[in-house]
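>>> Fold the stuff below for me.
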Amino acid sequence: MILLILASLVPPFGMTTRANAQLNGSTTVNADRTVVFQYQGDSTTASVNLAGDMNGWSTNATPMTKDTNNIWSVTTSALTPGKHQYKFVLNGSNWITDPQNPNQMSGNSVVYIPGFYAITAAAQIQQGTTSNLTAVGLKADGTDETLSGVSWSVTPSTAATIDANGVLTANPLPSGSSNLPITITGQKDGVTVTQDSTIVQTLTEQPGGKQVVLVGDIQSTVQKAAWDPASSVTRMLYQGNGLYKITLKNVPAGNYQYKVALGGSWAENYGANGASNGGNIPLTVPQTKDVTFYYSDTTHLIVDSTTYTVATPVLSGTGITINPTLLDYNLTGVYSTVVNLPAGTYNDLVIKDGSKTINIDPFTLDTAKNVTFSYDIATGIVFNDLSSNKVSTGDLYFNSKNPAFKSIYGAVPTGKTVTFNLQAKK
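Residues are numbered from 1 along each chain as shown. Sure thing, here's the model as predicted:
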């Protein structure tokens with residue numbers, strides 16, 4: 001009899017009493033692309049609302065319903081494929097990320113909706129040439145894949161043709177036109193994706209760049225929408241070697257924020273100090289003026305002309321047929337250029353930076369070679385990649401526990417940023 005009583009107090013194997021039910025996982029993406037969001041509340045939870053890009057970040061448009069175990073849930077309508085950001089709003093004002101979802105971007109939780117969600121296309125396509133289009137699909141784990149079987153079209157239809165493999169052929173521009181904006185459309189599995197581009201007479205940027213867009217409330221000075229990662233108006237022009245640039249004309253006086261987004265979405269974005277998903281960069285414009293923005297896809301640093309001054313150092317001397325201007329491709333203050341030099345001795349090369357002239361040490365080339373000249377504007381140091389000696393990176397280290405490493409400047413307080421300057425053997 002006792003055994004029977006004990007058995008009646010223990011639930012069958014694999015079952016849990018509802019009084020102790022706990023949420024395991026917070027989002028379920030259904031085959032029809034509707035999504036079930038859930039949140040485990042407690043005794044202090046009076047209301048929960050879903051806020052995200054699917055409802056304009058409204059705090060009350062998508063209320064969630066509580067069950068007897070204090071699990072709040074809501075099922076959305078079908079969402080477009082892509083990476084959708086969201087938060088939960090507790091008790092009307094407490095914004096939190098989803099504690100059951102480890103996937104985040106830009107400080108928000110993110111849910112992945114698989115399917116066709118982006119088109120990769122050159123921002124500029126020269127008339128009479130071809131350009132490859134790529135249909136990008138999102139997988140359930142948040143990674144991208146290249147899709148085939150896409151139906152392509154372009155508007156206006158007279159501007160270009162696109163074959164089944166996504167090869168766009170740009171027709172000659174109408175007489176008197178220097179450019180023609182176009183919209184590329186792809187359709188697959190009931191999903192339609194568009195991407196803007198421009199057919200031009202002559203390219204004004206280097207080929208091979210990515211879709212890099214200046215985003216922020218600064219966009220509202222040149223278009224209606226702010227924080228738009230797919231904007232064609234604030235897409236930055238590729239300058240080569242990973243450097244991008246855009247100038248916004250007549251920006252009104254005011255305080256703004258900005259960062260950059262890649263690929264037409266928030267999946268990859270960079271903010272303050274070049275950090276992935278980093279904070280917004282503040283910008284103060286004291287009076288109406290043009291503002292130029294620069295982004296390095298090597299360091300992911302972003303700067304603007306209100307705080308960053310562009311130098312124009314020029315390389316000249318024997319063998320330099322066209323005196324090139326060195327550029328700060330990494331936005332670190334080190335300017336560089338690559339020059340093809342024939343075999344010979346070079347003893348009169350200089351870099352002119354305003355009123356300063358920096359002499360380059362003489363050198364001899366046994367064969368023709370592409371030479372990279374670099375100039376640190378802060379120190380005035382000039383260096384190049386002529387040496388065939390390789391730096392042994394394994395021998396470069398700092399041992400903070402060894403007193404010998406502290407003998408020159410002493411110990412450094414914890415948390416202090418330290419800059420190391422290394423001079424290689426000549």
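>>> contacts, neighbours, all on C-alpha from now
Noted.
>>> Give the residue spans of the stretch 251-400 of the chain that score low on pLDDT.
Filtered on pLDDT under 70, the stretch 251-400 of the chain yields the residue ranges 400.
>>> which residues of it fall in strands?
254-262, 268-270, 281-285, 289-296, 302-304, 314-316, 334-341, 344-346, 350-353, 356-359, 363-365, 369-376, 382-384 (DSSP state E, counting those that start in this stretch).
>>> Out of these, which is closest to residue 100?
Smallest distance to residue 100 across the strands of the stretch 251-400 of the chain (C-alpha to C-alpha): 22.4 Å, for strand 268-270.
>>> Which elements pack onto that closest one?
Counting contacts by 3 or more C-alpha pairs under 8 Å, 6 or more residues apart in numbering; DSSP states H and E, strand 268-270 packs against strand 254-262.
>>> Count residues in the vicinity of the closest residue to residue 292 other than its chain neighbours, would you?
The shortest distance from residue 292 to any non-neighbouring residue, by C-alpha to C-alpha, 6 or more residues apart in numbering, is to residue 247 (4.1 Å). Residue 247: 16 surrounding residues under other C-alpha atoms under 10 Å.
>>> how far away is residue 247 from residue 219?
Plainly put, residue 247 is 12 Å away from residue 219 if you go by C-alpha to C-alpha, to the nearest Å.
>>> Also residue 412?
43 Å.
>>> Which of these two has more residues huddled nearby?
Taking neighbours as other C-alpha under 10 Å, residue 412 and residue 219 compare with residue 219 leading, 22 against 11.
>>> my hunch is that the more buried one is in a helix, does that hold up?
Yes: per DSSP: H, G, I helix; E, B strand; the rest coil, residue 219 lies within a helix segment.
>>> that older thread, pipe the strands of the stretch 251-400 of the chain into JSON lines and attach mean neighbour count and distance to residue 241 per row.
Below are those laid out as JSON lines (neighbours: other C-alpha atoms under 10 Å; distance: least, C-alpha to C-alpha, whole Å):
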{"stretch": "strand 254-262", "mean neighbour count": "21", "distance to residue 241": "16"}
{"stretch": "strand 268-270", "mean neighbour count": "22", "distance to residue 241": "18"}
{"stretch": "strand 281-285", "mean neighbour count": "15", "distance to residue 241": "23"}
{"stretch": "strand 289-296", "mean neighbour count": "19", "distance to residue 241": "9"}
{"stretch": "strand 302-304", "mean neighbour count": "22", "distance to residue 241": "15"}
{"stretch": "strand 314-316", "mean neighbour count": "20", "distance to residue 241": "18"}
{"stretch": "strand 334-341", "mean neighbour count": "18", "distance to residue 241": "10"}
{"stretch": "strand 344-346", "mean neighbour count": "14", "distance to residue 241": "26"}
{"stretch": "strand 350-353", "mean neighbour count": "19", "distance to residue 241": "20"}
{"stretch": "strand 356-359", "mean neighbour count": "14", "distance to residue 241": "24"}
{"stretch": "strand 363-365", "mean neighbour count": "12", "distance to residue 241": "25"}
{"stretch": "strand 369-376", "mean neighbour count": "16", "distance to residue 241": "12"}
{"stretch": "strand 382-384", "mean neighbour count": "16", "distance to residue 241": "17"}
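>>> can you put the ones you listed in TSV and add distance to residue 327?
Output for the strands of the stretch 251-400 of the chain, formatted as TSV (distance: least, C-alpha to C-alpha, whole Å):
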stretch	distance to residue 327
strand 254-262	20
strand 268-270	21
strand 281-285	23
strand 289-296	11
strand 302-304	14
strand 314-316	9
strand 334-341	5
strand 344-346	22
strand 350-353	12
strand 356-359	16
strand 363-365	23
strand 369-376	9
strand 382-384	14
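>>> looking at those, which is closest to residue 37?
Of all the strands of the stretch 251-400 of the chain, strand 268-270 sits nearest to residue 37, with 24.0 Å by C-alpha to C-alpha.
>>> what's in contact with that closest one?
Residues from elsewhere that reach strand 268-270 (C-alpha atoms under 8 Å, 6 or more residues apart in numbering): 259, 260, 261, 262, 276, 277, 278, 300, 301.
>>> how about the strands of the stretch 251-400 of the chain, which one is nearest residue 128?
The nearest among the strands of the stretch 251-400 of the chain, by C-alpha to C-alpha, is strand 254-262 at 27.6 Å.
>>> Tabulate the CA atom coordinates of the closest one in PDB.
Taking Å, rounded to 0.1, in the frame of the first residue of the first chain, the C-alpha atoms of strand 254-262 are listed here in PDB:
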ATOM      1  CA  GLY A 254      23.400  69.900 -35.100                       C
ATOM      2  CA  ASN A 255      24.400  66.800 -33.100                       C
ATOM      3  CA  TYR A 256      24.300  63.400 -34.900                       C
ATOM      4  CA  GLN A 257      25.300  59.800 -34.500                       C
ATOM      5  CA  TYR A 258      26.600  57.300 -37.100                       C
ATOM      6  CA  LYS A 259      28.400  54.000 -37.800                       C
ATOM      7  CA  VAL A 260      28.700  51.800 -40.900                       C
ATOM      8  CA  ALA A 261      26.800  48.700 -42.000                       C
ATOM      9  CA  LEU A 262      28.000  46.100 -44.600                       C
END
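>>> Quick one: list the elements packing against that strand.
With contacts taken as 3+ C-alpha pairs under 8 Å, 6+ apart, strand 254-262 sits against strand 212-216, strand 268-270, strand 281-285.
>>> quick one: the helices in the protein?
2-9 (DSSP state H).
>>> The closest residue to residue 276 other than its chain neighbours pairs with what?
Sequence neighbours aside, residue 270 is the residue nearest to residue 276 in space, at 4.6 Å (criterion: C-alpha to C-alpha, 6+ apart). Following DSSP bridges, residue 270 is listed with bridge partners residue 260, residue 276.
>>> OK, contacts around the residue lying closest to residue 205 once chain neighbours are set aside?
Spatial nearest neighbour of residue 205, excluding adjacent residues (C-alpha to C-alpha, 6+ apart): residue 238 at 5.3 Å. Contacts here follow C-alpha under 8 Å, 6+ apart; on that basis residue 238 touches 205, 206, 207, 209, 210, 244, 245.
>>> re earlier: switch the contacts of strand 268-270 over to TSV; also include distance to residue 46.
As requested, the contacts of strand 268-270 are exported to TSV (distance: C-alpha to C-alpha, whole Å):
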residue	distance to residue 46
259	36
260	38
261	37
262	39
276	35
277	32
278	33
300	43
301	43
